[in-house]
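Asker: Could you work out the structure for the sequence below:
(2 chains)
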Amino acid sequence: MKGVAEDRSEAEFGDLKPAYSRTQALVEANRCLYCFDPPCVRACPTSIDIPQFIRRIAEDNVEGAARSIFEKNILGMSCARVCPVEVLCVGKCVFNEAEVVPIEIGRLQRFATDRAYEEEWRFFEAGEDTGLKVALIGGGPASLAAAHELRRLGHAVDLFEKSNRLGGLNRSGIAPYKMKSGRAEEEVEWVLSVGGIGLRLETSIPEDISWTEIEKRYDAVFLGMGLGPDTILPIEGRNLKGVYGAVALIERIKLGSADLDGVRTAIVLGGGNTAIDMARELRGLGVEEVIMAYRGRREVMSGYAHEWSRAVKEGVIAQWSCQPLEILGSDGRVEAVRFQRLDAQKSPIPGEEFTLSANLVAFALGQQKLGNLVAGLDGIEVVGGRIVVGQSGATGRPGFFAGGDCANGGKEVVNAVAEGKAAALAIHEYLESRSD
Amino acid sequence: MPNLESNTAGIISPNPFWLASAPPTNSGRQIMRAFDAGWGGAVWKTVGQPIQNTSSRFGGLAWRGQKGVGFNNIELITDRTMDTNFREIAEVKKRFPNHALIVSLMVESKEEWKEVIDRSVDAGADGIELNFGCPHGMCERGMGSAVGQEPEVNERITSWAKEFSTIPVLVKLTPNVSDIVPHGLAAQAGGADGVSLINTVKSIISVDVENFVPRPSVGGKSTNGGYCGAAVRPIALHMVGALSRSPEFRLPISGIGGITDWSNAVEFLLLGASSVQVCTEVMLRGYRIVEDMIDGLENYMRRKGLECLGDFIGRAIPAYTEWGELDINFESVARIDPETCIGCQKCVVACHDGAHQCIHPGPEADSVPIVDEPECVGCNLCEIVCPVPDCIQMVQVDNGLAEVSWNEHLVRNLRIREKKGSHGYDMPE
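Answerer: Alright, predicted model coming up:
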């Protein structure tokens, strides 16, 4: 697969949490208490045996540490970088209870997994051929994790991806100070190295191949198509030049170059993690004034507190309790946004309007759900655009499973991996029970 | 995939990792959990006439914030009835036919030895281990280390065991002797099929300085216990190595003493052990550590191109010799990597105060220290105190002199190196 362009905008960014040297890794690994049934593991959606892999680093068995990680999470290299560890494993480290600095689990995981890539250690092989075939719709983390697991179990798999690259949001949507897109592409190769994962790139369903055809050709289907384009509010001025969807703009920063010439002030609309990422990336690329405008107060924003505090340190400004009424511009270019002030219940306060000038506006209000893609398939229930699944990813239609953002509405990479893997195991069970 | 199967005196186990006779092998339920976790064998906690234990039994040695570096105990042999133990042994063996199950035994009279050995064989055990090592409590009653310290008694009881046993007999040796070899030879003379060592070292783990009582305190009084854990490993390695290199000693060895991870196990195998037994580290971290031990051993064997344990058991023995046989002309000096040096100056103070005054501070505070190589004796102290992995390395220097041992030098008066370090300098005024 061809790599991403060298001169892309994300290349400007350094690492938020740089790689550990061997000395750093050993000191940190030896600090771990090797707790039993610990909260850090329970906080990990993929249940990585954290004390075990850390102990192996301390015992100079880095290969064993990497194996332990990948056994649970084949995307462990990217998760080491992009997981919000502050609210997952690290946030639950028992040292927090004693007000001691918690173990830097993410950086230790990165130490072991980076080494595995560097040394080209290979841990997994495809299982003995079962003669059964599974179609995976979407080429992001959920499908990749599911495909890898299914290959280990010996099932033939084909990945259908509408773009020309695999990796999904892990490639195009991760804040560049956490992971660059090139690394996500290496990870795709790592997953594919298990062998036998069929690729159907630039293939959309049902345009290029119908559901009927898919069902005819495959014994089971995994739906992992993620989310659709950014949600854009139907307000005046939304089509002006300089108005973007955040996910689309981040993708440009990641994979190409974002033209920010003449952008002095940017307004990011939203209060989630994508909004914070967008704001920090714009600041990082040199935009002098970046304002994040959110409907609620800081206490209720869905963006993580630790991410927001970093954004504030980097100079991002907040406008709480406001909602955009219209985007103003001249000569077809954005110039300002007119806002309505809201009260604590997010209701408009009559007469309280204000205008902020801006050369760029990014909508970070979430992405459209793709559940409608499968709306015609009997038995599959779609609620609010999300595909409804049971514990193991099964939908209401026999042989159809789903996981990742299209089912959970948009969570972390590690959730997608966990759901993809769980669905693969459920698909295996389903296929076995059928062949009995 | 490397083959980890281990054979010690005919006792076969899927891997060389056994649980030593101790609290982790007190009951069938525990041992079955351990086998499920991956342990290849287990030595059942010593069976004999059930005893009464004290409350307050263990003591730990903490060192610079790390607990359990050393460990001691005053717990005795099993407090469960023979009926219970042997019933459970039979049950475990039935459920885990391919794991090694060895029964540790300690009784007094010949009749009693016959009884416990017969019952062990009947229960289906793969071997028995005669506990001649326990250095506390039981020795006061003429058993344990009281037997192990007397070669004649050791040999006599071993020969009884051989008379009664149809399964391999291991003799567990005590380290509380000045030279281990005669004790290994006594077991061999008694007909033992193998030995296991070391048992615990007689010790007082610490003293409660507020209340003037040694630990562990049993209602204000204490007694000496058996010392174990990582801190005793060097003693154990020496004793295993001493037996392995003894020309008269020919028995297989099960190595015990402070094994905490895969690399320690490899050390014991390299010095001649064909299996290893672990207790303290399991008491501190649980049965689950065996997963890391197996994984680490497999990776090591793959990396070194070793297919089975036999490929490396005893591989370090040829390199273990007497001081007088070492090359007196071999010369090494310390090299400090300026790239990774963090300027802690620990090597400077160690060399100045604890060694031969050849590492000096750099030109400025915090700069990289300077090794005066012509004066460096190559003692390794700086490398030991350096906190950065591989920052200080001991490198060989070519002094042009031929290899010569001290013993050869005494006989042939060959040329040896000039002495280095500070010799006969003037005292300050």
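
Asker: just the helices in the stretch 201-350 of chain B please.
Answerer: Counting by DSSP state H, counting those that start in this stretch, the segments of the stretch 201-350 of chain B that form helices are B:233-245, B:262-270, B:280-285, B:289-304, B:346-354.

Asker: Can you say which of the ones you listed is packed in most?
Answerer: Stretch with highest mean neighbour count among the helices of the stretch 201-350 of chain B: helix B:262-270 (a mean of 23; mean count of other Cβ atoms under 10 Å in any protein chain shown). Every residue, glycine included, has its C-beta placed from N, CA and C.

Asker: Remind me what that helix packs against, helices and strands.
Answerer: Where contact means 3 or more Cβ pairs under 8 Å, 6 or more residues apart in numbering or on different chains; DSSP states H and E, helix B:262-270 is packed against helix B:233-245, strand B:253-256, strand B:273-278, helix B:289-304.

Asker: so how far is it from its chain's centroid?
Answerer: Relative to its parent chain, helix B:262-270 has a centroid offset of 10 Å by Cα atoms, centre = their mean, to the nearest Å.

Asker: taking the mean pLDDT, what do you get for that helix?
Answerer: For helix B:262-270, mean pLDDT rounds to 98.

Asker: I'd like to check what contacts that helix. Which residues are they?
Answerer: Contacts to helix B:262-270, defined as Cβ atoms under 8 Å, 6 or more residues apart in numbering or on different chains, come from residues A:59-61, B:16-17, B:233, B:236-237, B:240, B:255, B:258-259, B:276, B:292-297, B:300, B:309, B:312-317.

Asker: okay, the angle between that helix and helix B:289-304?
Answerer: Note on geometry: by axes from the mean of the first three to the mean of the last three Cα atoms, to 10 degrees, helix B:262-270 and helix B:289-304 are set 60 degrees apart in direction.

Asker: got the angle between helix B:262-270 and strand B:273-278?
Answerer: Using the same axes, to 10 degrees, helix B:262-270 lies at 140 degrees relative to strand B:273-278.

Asker: how big is the angle separating helix B:262-270 from helix B:233-245?
Answerer: Helix B:262-270 and helix B:233-245 are oriented at 30 degrees to each other (the same axes, to 10 degrees).

Asker: about what we covered before: out of the helices and strands packed on helix B:262-270, nearest to A:G127?
Answerer: The closest of these to A:G127 is helix B:289-304. By Cβ to Cβ, the value is 20.7 Å.

Asker: among the helices and strands packed on helix B:262-270, which is nearest B:E88?
Answerer: Of the helices and strands packed on helix B:262-270, nearest to B:E88 by Cβ to Cβ is strand B:273-278, at 19.6 Å.

Asker: If I look at residue 17, what pLDDT would I see?
Answerer: I'll assume chain A. Predicted confidence (pLDDT) for A:K17: 88.

Asker: Let me rephrase: I mean chain B.
Answerer: Note for B:F17: predicted pLDDT of 98.

Asker: what phi and what psi does the backbone show at the residue in the stretch 1-150 of chain B positioned nearest to chain A?
Answerer: Closest residue of the stretch 1-150 of chain B to chain A, Cβ to the nearest Cβ: B:Q66 (8.7 Å). Main-chain torsions, B:Q66, degrees, to the nearest 10: phi -100, psi 120.

Asker: what's the worst-scoring helix or strand of chain B on mean pLDDT packed up against?
Answerer: Lowest on mean pLDDT, DSSP states H and E among the helices and strands of chain B sits helix B:145-148, with a mean of 88. Contact here means 3+ Cβ pairs under 8 Å, 6+ apart; on that basis helix B:145-148 packs against helix B:151-164.

Asker: which residues sit against the helix it packs on?
Answerer: By Cβ under 8 Å, 6+ apart, the residues outside helix B:151-164 that reach it are B:105, B:110, B:113-114, B:117-118, B:128, B:130, B:132, B:146-148, B:169, B:171, B:182-183, B:185-187, B:189-192.
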